[in-house]
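Enquirer: Could you work out the structure for the sequence below:
(one chain, ligands or ions: 1)
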Amino acid sequence: MKIITVPDQKSGSQKAFALIKNGLQDGAKVLGLATGSTPVMLYQEMVQSDLDFSKNTSINLDEYVSLPADNPQSYHYFMNQHLFQYKKFQHSYIPNGVAADISAEIKRYDQIIKENPIDIQILGIGQNGHIGFNEPQTPFDCTTHRVQLTQSTIEANARFFDNQDEVPKEAISMGIASIMQSKHIILMAWGANKAEAIYQTVKGPVTTACPASILQQHPQVTLIVDEAAAAKLN
Ligand code: GLP
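Expert: You can find the predicted model right below:
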């Protein structure tokens, strides 16, 4: 795992953007994208750049079950707001959280990932070490699946909702096995509330108790962290 420590989110986002730009120049076609506050400045860099994504495919990690694309808290809406309204991809895939048949949607999503192997996967991390919505104890070999969100994730994500009761209790998430098949993974983390998760990811045992710890076994991971998130590493 290559670790890049930066002074702040802005400079870390610029580093991540440079990696994506180089990757695209080297032939990367499929970007795995994440939501949450962590990648927001990276998307700003992408929007402000002259990069053309119209021949690229994007595949998002996850979506809440029950939120339609026009709900401002949905990850569809988030991606449109921060990236897709400005930069069009040839194809952009996000799980459909309001599919009538969630099992069929899960199969469809696995097929999409199979047909579009991810070249560069962007990840944030939850305070409990989750990636995508793969909560602690999720088996490392799982592909796309339906997730019951943990109380700590519901509480952490409540800041985007009017109150905690509005946070959906379930999501559809790309699985850890699919994330691990990405050629290059860029994990970003900002702020002291990620320091323990980053410590467990880098120095802890590889255990489903910290889903991101599996990244120790991936051949090409770049971890970009600010000093606060890196605080426990030294
Ligand atoms: C959510 C998303 C994750 C994200 C995490 C951290 O749970 N499913 O993909 O990494 O939140 O969010 P934030 O970047 O806002 O700290």
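Enquirer: that's a helix at residue 197, yeah?
Expert: Yes - using DSSP: H, G, I helix; E, B strand; the rest coil, the assignment for residue 197 is a helix.
Enquirer: Nearest spatial neighbour of it, chain-adjacent residues omitted?
Expert: residue 129 (4.6 Å; C-beta to C-beta, 6 or more residues apart in numbering). Bear in mind the C-beta positions are built from the backbone N, C-alpha and C, glycine included.
Enquirer: Now do the helix or strand hosting residue 185: distance to the chain's middle.
Expert: Per DSSP states H and E: residue 185 is located in strand 184-189. In terms of C-alpha atoms, centre = their mean, to the nearest Å, the centre of strand 184-189 is found 8 Å from the chain centre.
Enquirer: would you put the C-alpha positions of that strand in PDB?
Expert: The C-alpha coordinates for strand 184-189 follow below in PDB (Å, rounded to 0.1, in the frame of the first residue of the first chain):
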ATOM      1  CA  HIS A 184      -6.000   0.400  -8.800                       C
ATOM      2  CA  ILE A 185      -7.700   1.500  -5.700                       C
ATOM      3  CA  ILE A 186      -7.400   5.100  -4.300                       C
ATOM      4  CA  LEU A 187      -8.700   5.400  -0.700                       C
ATOM      5  CA  MET A 188      -9.000   8.900   0.700                       C
ATOM      6  CA  ALA A 189      -9.600   9.900   4.200                       C
END
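Enquirer: I'd like to know which elements it is packed against.
Expert: Applying 3 or more C-beta pairs under 8 Å, 6 or more residues apart in numbering; DSSP states H and E, one finds that strand 184-189 contacts helix 9-25, strand 120-123, helix 195-203, strand 221-226.
Enquirer: okay, now residue 226: neighbour count?
Expert: 22 (other C-beta atoms under 10 Å).
Enquirer: quick one: the residue nearest to residue 197 and residue 210 touch, right?
Expert: Yes - here residue 129 reaches residue 210: they are 3.5 Å apart, a contact under C-beta atoms under 8 Å.
Enquirer: Please enumerate the shared neighbours of those two.
Expert: Common neighbours of residue 129 and residue 210 (criterion: C-beta atoms under 8 Å, 6 or more residues apart in numbering): 136, 197, 200, 201.
Enquirer: Show me which of the residues you listed is closest to the ligand.
Expert: Closest to the ligand out of the shared contacts of residue 129 and residue 210 is residue 197 (9.4 Å), distances taken as C-beta to the nearest ligand atom.
Enquirer: wait, doesn't the closest one sit right on residue 191?
Expert: No - taking C-beta under 8 Å as the definition, residue 197 is not a contact partner of residue 191, at 10.7 Å.
Enquirer: what about those two, which has more around it?
Expert: Higher neighbour count among residue 197 and residue 191: residue 197, with 24 against 16, using other C-beta under 10 Å.
Enquirer: quick one: the more buried one and residue 169, what's the gap?
Expert: 22 Å (C-beta to C-beta, to the nearest Å).
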